[in-house]
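> Here's a sequence, model it:
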Amino acid sequence: MSDHDELMDSVSAWVLGAVDEQEAESIRAHVEGCSSCREVEVRLRRVVGALPLAADEVTPPPRLRERVLAAATASRGTATTTTRVPIRRPRPQDRPRRQLPRIPAYAVAAVAVIALLSGVVLDRMSYAQSITPPPAQVAHYTLAGHQAMSGAQATVIYLPADGLAFVDFHGLPQLAPGRVYELWLIRPAGGPEAAAVFVPDSNGSKVVLVNRGLTGYSVMAVTDEAAPDGASAPTQQPQLYGNLA
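Next up, the predicted model:
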């Protein structure tokens, strides 16, 4: 896997503020000099910026819910204690306008992640007195593991209007040294096309960004290939796959 591929895979986490300061600086420097990654950043920021305003009430996956609750609990330690003092009841004309509470930055990012992985239907935001266009659909697909990968699964969240897909893997078997997982897109009539190369974390989890539209493809599949760049064609039968329909 090249440095460009690794950094592109981290652009989504950077946009959501989910990387440390040193990694964020590396990604920012790369994006400034890379037109393709800069385009991904712009599209992601547009989507993420609309999510908190367009999200309906949904029940997030348990592991995402736990992360958000943990972040909220940690933030309580920074709160300051106030002392009660007598307050004169204001006259009606003196009463200030009620202000809405400010939302912490981490909460906005958390809402965006939950909305993406929960399949919220997005609306293209428009200014006042403009015509609201039809909502952009969010498509959902699942990949299931078989045989040696029977415990692996993945959820595909596809945003057709933006030509982006997020694939949330979990339960992937650990790779042998010198191996990577390769993601393939397959048309009804045609050979597999390589879409991404990745290595999961120690828990077998990984969120992979697919920077292309899925229209015209019928199957998404994963194989175990040689590192660092994978193969030009699958060297084995996929044991993790699903239909894109």
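> For the rest of this, base every contact and every neighbour count on C-alpha atoms.
OK.
> ok now do G151, which residues does it touch?
145, 171-172 (C-alpha atoms under 8 Å, 6 or more residues apart in numbering).
> Go ahead and report the secondary structure state at L143.
Here L143 is strand, with the state taken from DSSP: H, G, I helix; E, B strand; the rest coil.
> give me the beta-bridge partners of it?
With DSSP bridges as the criterion, L143 is bridged to A154.
> picking up where we left off before, ok, and the most crowded of the contacts of G151?
In terms of neighbours by other C-alpha atoms under 10 Å, those top out with L172 at 24 neighbours.
> Give me the neighbour count for the residue nearest to N211 when sequence neighbours are not counted.
Closest residue in space to N211, ignoring its immediate chain neighbours: L164 at 5.1 Å, by C-alpha to C-alpha, 6 or more residues apart in numbering. Using other C-alpha under 10 Å, L164 has 18 other residues around it.
> How much space separates L164 from I186?
17 Å (C-alpha to C-alpha, to the nearest Å).
> and the contacts of G151 as CSV, adding pLDDT and distance to A139?
Output for those, formatted as CSV (pLDDT from 0 to 100; distance: C-alpha to C-alpha, whole Å):
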residue, pLDDT, distance to A139
G145, 97, 20
G171, 96, 22
L172, 97, 23
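> ok, P173 - how many residues close by?
Counted with other C-alpha under 10 Å, P173 comes out at 16.
> Now for it: which residues touch it?
P173 touches 149, 152, 204, counting by C-alpha under 8 Å, 6+ apart.
> residues in contact with stretch 176-186?
By C-alpha under 8 Å, 6+ apart, stretch 176-186 touches 175, 192-199, 217-231.
> tally of neighbours for P188?
10.
> ok, now S205?
Around S205 there are 19 residues (other C-alpha under 10 Å).
> hang on, isn't it packed against V167?
No. S205 is beyond contact range of V167, at 10.4 Å (criterion: C-alpha atoms under 8 Å).
> any idea how far E23 is from Q237?
From Q237 to E23 the distance is 36 Å (C-alpha to C-alpha).
> helix/strand/coil for E25?
helix.
> Starting from A18, give me the distance back to it.
13 Å.
> more neighbours, these two?
A18 (16 against 13).
> Now name the helix or strand holding that one.
Mapping A18 onto the secondary structure by DSSP states H and E places it in no helix or strand at all.
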